[in-house]
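J.: Next one to model:
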Amino acid sequence: MTGGAGGRDLTAAAGADTLAGRWGDAIRQAQADRDVVASLRRLRDPFTTLDVPDLLPTADELLERVVALATTLHQLDGALAPRTTAIIEQRIAAASVEPASEARDRRLALLEHQRSTLRELEERRATLVRKIDAALLALARLRYEAKRLRGR
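T.: Down below sits the predicted model:
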């Protein structure tokens with residue numbers, strides 16, 4: 001899949017699985033916003049926009065950021081099955097009521113470590129979602145700015 005005016009191959013950049021998944025729309029929206037900035041840049045009047053910095057390099061960087069974040073989020077979503085935390089919690093509860101033994105203590109320690117790791121991954125995922133939202137918003141603002149500067 002080639003992305004519009006930028007000619008960027010989104011499948012090569014993000015992977016077919018990511019594009020087909022939950023974060024594919026974010027990547028396509030970022031590409032569309034970047035392409036609008038690029039097309040408006042080509043149409044601008046250099047005599048009326050001399051003092052305006054070029055928005056295209058920023059749009060390109062934001063697109064790359066969205067692609068990278070979407071790819072990471074897609075991988076995290078695959079690792080964080082919806083019920084994984086609940087299953088681990090159930091296993092911890094079941095192990096907690098077993099008679100005390102070395103095996104039970106090792107199993108509990110392992111389960112608690114897994115729960116801690118999952119929580120860290122969920123927190124990381126939440127942070128990445130905030131970052132991708134911020135990058136998409138910044139691209140939308142650039143698109144708006146480019147249109148405003150063009151007088152549309």
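J.: My reading is that Ala100 lies in a strand. Confirm?
T.: No: when the secondary structure is assigned by DSSP: H, G, I helix; E, B strand; the rest coil, Ala100 falls in coil instead of a strand.
J.: how near is it to Ala94?
T.: Using C-beta to C-beta, to the nearest Å, one obtains 14 Å as the distance from Ala100 to Ala94. Quick note: C-beta positions are derived from backbone N, CA and C, even for glycine.
J.: Which of these two has more residues huddled nearby?
T.: The residue with the greater number of neighbours, taking Ala100 and Ala94 and applying other C-beta atoms under 10 Å, is Ala94; the counts read 11 against 6.
J.: May I ask which helix or strand encompasses the more buried one?
T.: Following DSSP states H and E, the helix or strand that holds Ala94 is helix 84-96.
J.: And Leu121, how far from Leu136?
T.: Here the distance between Leu121 and Leu136 works out to 22 Å (C-beta to C-beta).
J.: higher neighbour count, the two?
T.: Between Leu121 and Leu136, Leu136 has the larger neighbour count (other C-beta under 10 Å), namely 20 against 15.
J.: Can you name the residues that contact that one?
T.: With contact set as C-beta atoms under 8 Å, 6 or more residues apart in numbering, Leu136 has these partners: 26, 29-30, 33, 66.
J.: Widest-spaced pair of the residues you listed?
T.: In these, the most distant members under the criterion C-beta to C-beta are Ala26 and Asp33, with 10.7 Å between them.
J.: what ranges do the strands span in the chain?
T.: Here the chain has its strands, by DSSP state E, at 2-3, 8-9.
J.: hey, least reliable of those strands by pLDDT?
T.: The stretch with the lowest average pLDDT out of the strands of the chain is strand 2-3, scoring a mean of 42.
J.: Out of the contacts of Leu136, the closest to Gln114 would be?
T.: The nearest member of the contacts of Leu136 to Gln114, counting by C-beta to C-beta, is Ala26 at 29.4 Å.
J.: any low-confidence regions in the protein?
T.: Regions of the chain meeting the criterion pLDDT under 70 cover residues 1-8, 44-53, 150-152.
J.: again, only using 50
T.: Segments of the chain classed as low confidence (criterion: pLDDT under 50) are 1-5, 50, 152.
J.: most remote residue from it's center?
T.: Going by C-alpha atoms, centre = their mean, the residue of the chain most distant from its centre is Pro99, 44.7 Å out.
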